[in-house]
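**Q** structure for this input, please:
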Amino acid sequence: MRPSLLLFSLVLPLALPLAAGSALAQAPAGADPACAGKPPAALPASLADWRTPDAMKAAGNAKTAAKAALKPGAAVRATLLPTPKVAYPVRPEKPGGTVSYGGLFRFTVAREGVWRVALGSAAWVDVVRDGKAMRSVAHGHGPACSGVRKMVDYRLTPGTYTLQVAANGSDSLTLLVTPQP
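**A** Numbers count the residues shown, from 1 in each chain. Have a look, this model is predicted:
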């Protein structure tokens, strides 16, 4: 076998996984490969704003959370902080490690009912009021191929709440808080 052919036959098997990894790295984080080439899924009215998020920076502590105020029904593309830089009011059940990301947000509930937190990743979320994490009443996934990875519902009364995001694998996340009909 010629030396150049021998070299090619040795290098090709090593290069293919790198090329495949590069192609996978170009897909959006959390993208479902089964959705490639398909149109985005239809969203229910409560998630209508999901595809047009506004930019927002997460807060690192309860004192600055008011600067990260979420408007119900409006999606945000949040820039998160490294976990060690977040002082959670209540320790998250799954806080993530030193290489994960999180942050705090504030939102106001005007009417009692079930409120949904929709996330574009599998991050851990808690809704906190008066130093206590609220119990969730339902968990689920968003519509297939919609970009909504996780949804968590809470029964809330009027007032101001802190949304804690923890254990996210990247420094950004799309999220939306909305009342349910």
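**Q** so how far is residue 162 from the residue nearest to residue 48 when sequence neighbours are not counted?
**A** Spatial nearest neighbour of residue 48, chain neighbours left out: residue 73 (7.8 Å); criterion: Cβ to Cβ, 6 or more residues apart in numbering. For the C-beta atoms, the positions are set from N, CA and C on the backbone; glycine is no exception. Applying Cβ to Cβ, to the nearest Å, the value for residue 73 to residue 162 is 18 Å.
**Q** again with residue 174
**A** For residue 174, the distance to residue 162 (Cβ to Cβ) stands at 19 Å.
**Q** could I get the pLDDT score of the nearest residue to residue 134 once chain neighbours are set aside?
**A** Nearest residue to residue 134, sequence neighbours excluded (Cβ to Cβ, 6+ apart): residue 127, at 4.5 Å. Residue 127 carries a pLDDT value of 98.
**Q** burial count for residue 127?
**A** Applying other Cβ atoms under 10 Å, we find 23 residues neighbouring residue 127.
**Q** try residue 169
**A** Residue 169 has 14 neighbours, counted by other Cβ under 10 Å.
**Q** run through the residues that contact it.
**A** For residue 169, the contacting residues are 29, 100, 101, 121, 122, 123, by Cβ atoms under 8 Å, 6 or more residues apart in numbering.
**Q** contact partners for the third one?
**A** So the one you mean is residue 101. Per Cβ under 8 Å, 6+ apart, neighbours of residue 101: 80, 81, 82, 83, 168, 169, 170, 171, 173.
**Q** give the ChimeraX command for selecting the buried subset of those residues.
**A** Burial among those is assessed by 16 or more other Cβ atoms under 10 Å; the matching ChimeraX selection reads:
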select :80,81,83,168,173
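**Q** in strands only, show me the contacts of residue 101.
**A** Members of those lying in strands (criterion: DSSP state E): 81, 82, 168, 173.
**Q** so the third one makes contact with residue 96?
**A** Just to be clear, that refers to residue 168. Yes - assessed by Cβ atoms under 8 Å, residue 168 is found in contact with residue 96 at 7.1 Å.
**Q** quick check: neighbours shared by these two?
**A** Residues touching both residue 168 and residue 96 (Cβ under 8 Å, 6+ apart): residue 102.
**Q** next, the buried residues of stretch 144-159.
**A** Quick answer for stretch 144-159 (16+ other Cβ under 10 Å): 145, 146, 147, 148, 149, 150, 151, 152, 153, 154, 156.
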